[in-house]
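*Asks:* next comes the sequence, and after it the predicted model I'd like to discuss.
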Amino acid sequence: MEVILSVKFGYEKTPEIDGLLRDFKDMVNFCIDKAVQHKATSISKLHRLVYGELSQRYDYSRAFFPTAYRVALSIVRGWRFKREKPVVRKAIVKLNPMLYRFEGERLRISVKPRKFVYLNLKMGSYQRKFVKLWRQGKAKVGEPIINERWVIIPLKQQIDLTKPNRYVALDLNETNVTAYDGGEVKVFDLTEVKRLHHVYFKKRRSIQKKIRSLRTKVKVLAKYREREKRRVNDVLHKVSKRIVETFKGKAIILEDLKGIRNRIDYGRRLNRRLHSWNFRRLQLFIHYKANLNNRMPIFYVNPRDTSKVCPRCGGRIDSSPKCPTCGLDRHVAGAMNILAKYVGSLGSPRKPPDDLDGGSLDGTTNTQFTTPI
């Protein structure tokens with residue numbers, strides 16, 4: 001199985017890189033204009049429309065153009081039913097294999113025939129771990145993406161996910177993750193995530209009331225939003241790491257929670273809580289850590305009724321914190337039901353959610369992860 005993990009690297013800015021970012025953004029916007037104007041939906045048609053003018057406008061290697069076509073068409077295809085014409089506002093460059101060479105500590109970019117721009121990468125211990133795998137020949141590099149802050153480099157690694165005979169089911173909740181492996185129950189605390197969301201919600205409300213200048217308000221809100229994201233990600237990374245290390249060697253069973261936020265209108269307050277619940281991100285972190293570090297496969301089951309029926313006495317739990325008949329904790333019941341549901345459906349595991357990755361999680365096709373640092 002091939003796992004692709006996109007790793008962020010900082011880099012030293014140079015005037016050449018800044019110019020390349022601006023020019024590639026302009027290339028993509030020009031391609032978008034032509035695609036919308038002529039209703040182009042294929043690369044070949046867009047190539048015929050823009051190649052000559054792009055060649056006159058930009059003194060770069062022609063290998064940049066096909067990537068600009070692909071980026072532009074992906075944006076146009078997603079825009080079709082919107083009113084305003086799409087525009088790329090953030091500077092970005094995507095490099096195809098003809099344009100770059102990864103050298104571990106730096107990235108060499110071919111901007112013209114026999115003319116190169118070198119991009120020095122900033123690395124911490126996390127990034128060095130993957131560079132070491134690349135130097136050992138255990139990982140390959142995909143198509144890097146450069147923006148104004150980061151270089152995002154996909155690193156591909158072949159791993160062997162043998163199907164184990166031991167499993168652990170995880171029930172993801174707002175304040176904890178409850179795990180059940182058939183004999184023992186373990187609970188991983190997530191109350192810090194809920195606290196952080198509440199604290200930053202109050203800060204945003206205070207900023208909106210106190211700051212009158214719209215420009216200043218947008219800038220301050222963006223700063224706190226990014227800070228909240230970093231702190232929440234830090235907690236989720238630590239919790240997911242503890243989960244994977246605790247159950248090393250076992251397959252992990254999760255619920256397919258795709259679309260849960262859109263299923264029912266629970267009311268304003270509960271909807272806000274539901275939208276701040278980071279279950280998808282936590283699933284992603286558990287998934288790639290389990291696959292990449294410990295060769296642990298991940299499987300998904302339908303979440304229907306997993307927290308409503310008591311597996312011990314068969315009673316209805318519904319919205320109660322415990323089974324009204326035997327007193328079994330609702331979260332423990334959920335984890336037990338998830339495990340029982342998967343064991344009962346062995347041989348036909350559920351496909352993963354589309355927004356987690358682009359392939360199957362049962363070891364048959366590629367799996368891709370893009371994770372923030």
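*Replies:* Yep, that arrived.
*Asks:* how is this structure partitioned into domains?
*Replies:* 9-121, 167-370 (automatic domain parsing).
*Asks:* what does the average pLDDT come to for the first one?
*Replies:* The one in question is domain 9-121. Per-region confidence: domain 9-121 scores 90 on mean pLDDT.
*Asks:* for that domain, what is the distance to the chain centroid?
*Replies:* The chain centroid and the centroid of domain 9-121 are separated by 23 Å under Cα atoms, centre = their mean, to the nearest Å.
*Asks:* for this protein, longest helix please?
*Replies:* helix 214-246 (DSSP state H).
*Asks:* packing partners for the next helix or strand along the chain from that one?
*Replies:* Heading C-terminal from helix 214-246, the first helix or strand you meet, by DSSP states H and E, is strand 251-255. Judged by 3 or more Cβ pairs under 8 Å, 6 or more residues apart in numbering; DSSP states H and E, strand 251-255 is in contact with strand 167-172, helix 279-294, strand 298-301, helix 330-344. From N, CA and C alone the C-beta is placed, and that goes for glycine too.
*Asks:* how much does the longest helix of the chain deviate in direction from strand 167-172?
*Replies:* Orientation of helix 214-246 against strand 167-172 (axes from the mean of the first three to the mean of the last three Cα atoms, to 10 degrees) gives an angle of 160 degrees.
*Asks:* report all helices and strands that helix 214-246 contacts.
*Replies:* Judged by 3+ Cβ pairs under 8 Å, 6+ apart, the packing partners of helix 214-246 are strand 176-180, strand 185-189, helix 191-210, helix 279-294.
*Asks:* how about it: buried residues?
*Replies:* V220, E228, R231, V232, N233, V235, L236, H237, V239, S240, I243, V244 (16 or more other Cβ atoms under 10 Å).
*Asks:* what is the nearest of these to I92?
*Replies:* If you rank the buried residues of helix 214-246 by distance to I92 using Cβ to Cβ, N233 comes first, at 21.7 Å.
*Asks:* can you check the pLDDT for that closest one?
*Replies:* Per-residue confidence (pLDDT) for N233: 93.
*Asks:* so it sits against R281, correct?
*Replies:* Yes. Applying Cβ atoms under 8 Å as the test, N233 and R281 come out as touching, 7.3 Å apart.
*Asks:* find residues that contact each of the two.
*Replies:* Counting by Cβ atoms under 8 Å, 6 or more residues apart in numbering, N233 and R281 have no shared contacts at all.
*Asks:* most remote residue from the chain's center?
*Replies:* T325 (40.8 Å; Cα atoms, centre = their mean).
*Asks:* for S110, name its beta-bridge partners.
*Replies:* Beta-bridge pairing of S110 under DSSP bridges involves F116.
*Asks:* count of residues packed around it?
*Replies:* 18 (other Cβ atoms under 10 Å).
*Asks:* how far away is it from Y58?
*Replies:* According to Cβ to Cβ, to the nearest Å, S110 stands 14 Å off from Y58.
*Asks:* M336 now?
*Replies:* 61 Å.
*Asks:* ok, the two, which is more surrounded?
*Replies:* Remark: of M336 and Y58, M336 carries more neighbours, 22 against 18, as counted by other Cβ under 10 Å.
*Asks:* isn't that one right up against Y180?
*Replies:* Yes. The criterion here is Cβ under 8 Å, and M336 meets it with Y180 at 5.3 Å.
*Asks:* list the residues that contact both of those two?
*Replies:* In contact with both M336 and Y180: A169, using Cβ under 8 Å, 6+ apart.
*Asks:* can you tell me the helix or strand for the closest residue to M336 other than its chain neighbours?
*Replies:* Distances taken as Cβ to Cβ, 6 or more residues apart in numbering place P311 nearest to M336, at 4.5 Å, with adjacent residues excluded. Using DSSP H and E, P311 maps to neither a helix nor a strand.
*Asks:* for P311, give its distance to S319.
*Replies:* Distance, P311 to S319, by Cβ to Cβ: 17 Å.
*Asks:* compare the two (neighbour count), which wins?
*Replies:* More crowded of P311 and S319, by other Cβ under 10 Å: P311, with 20 against 7.
*Asks:* dump the residue contacts of that one.
*Replies:* By Cβ under 8 Å, 6+ apart, the neighbours of P311 are L328, A333, M336, N337, A340.
*Asks:* cutoff 10 Å now
*Replies:* 180, 317, 323, 328, 332-341 (Cβ atoms under 10 Å, 6 or more residues apart in numbering).
*Asks:* ok, E148 next?
*Replies:* E148 sits next to K13, I17, D18, L21, R22, K90, A91, I92 when contact means Cβ under 10 Å, 6+ apart.
*Asks:* look up phi and psi at the residue lying closest to the third one once chain neighbours are set aside.
*Replies:* Right, the one you point to is D18. Counting by Cβ to Cβ, 6+ apart, D18 lies nearest to A91, which is 7.8 Å off, once chain neighbours are set aside. Main-chain torsions, A91, degrees, to the nearest 10: phi -70, psi 130.
*Asks:* pull the number of nearby residues for A91.
*Replies:* A91 has 18 neighbours, counted by other Cβ under 10 Å.
*Asks:* what's the separation between it and Q136?
*Replies:* Distance, A91 to Q136, using Cβ to Cβ: 34 Å.
*Asks:* isn't V93 right up against Y11?
*Replies:* No. Between V93 and Y11 there is no contact under Cβ atoms under 10 Å: 11.7 Å.
*Asks:* overlap of the contact sets of the two?
*Replies:* Shared contacts of V93 and Y11, defined by Cβ under 10 Å, 6+ apart, comprise I17, I146, V151.
*Asks:* what is the nearest of those to K194?
*Replies:* Proximity of the shared contacts of V93 and Y11 to K194 (Cβ to Cβ) peaks at V151, which lies at 33.6 Å.
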